[in-house]
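K.L.:
can't give you the sequence, but here's the structure:
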């Protein structure tokens, strides 16, 4: 049986999908927040750690800064993979259950 838009919005399946999207989004946002602000706090509170030399001209701060950028890219990729494999098919199933 096809559902109306109101029935779909009130359905437990839709509510679970929305809750799951929020949970994934908040978890990834928290991870990115920790990476960025952890680095900023390290800059503000312990410059000596970042100033340690790990090569002839490179300090520890450079690879850590690059690491923060890479973490952002990885978290974005995690979200894209999750959305493509889990979220988009769920949206498509719900969309297909609507009345025309």
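P.N.:
In hand now; what should we look at? All figures in this text were calculated on a predicted structure; none of them were measured in a lab. Residues are numbered from 1 along each chain as shown.
K.L.:
which other residues reach the host helix or strand of residue 79?
P.N.:
For residue 79, the host element (DSSP states H and E) is helix 61-82. For helix 61-82, the surrounding residues in contact (Cβ atoms under 8 Å, 6 or more residues apart in numbering) are 24-25, 28, 31-32, 35-36, 39, 42-43, 50-51, 54. Quick note: C-beta positions are derived from backbone N, CA and C, even for glycine.
K.L.:
From the contact counts, what lies against whichever strand or helix holds residue 19?
P.N.:
Residue 19 is located in helix 12-45, with elements delineated by DSSP H and E. Counting contacts by 3 or more Cβ pairs under 8 Å, 6 or more residues apart in numbering; DSSP states H and E, helix 12-45 packs against helix 47-51, helix 61-82, helix 88-96.
K.L.:
rerun that using 10 Å as the cut-off
P.N.:
Applying 3 or more Cβ pairs under 10 Å, 6 or more residues apart in numbering; DSSP states H and E, we find helix 12-45 packed against helix 5-10, helix 47-51, helix 61-82, helix 88-96.
K.L.:
need the least confident one among those helices, by mean pLDDT.
P.N.:
Mean pLDDT per stretch puts helix 5-10 lowest among the helices and strands packed on helix 12-45, at a mean of 85.
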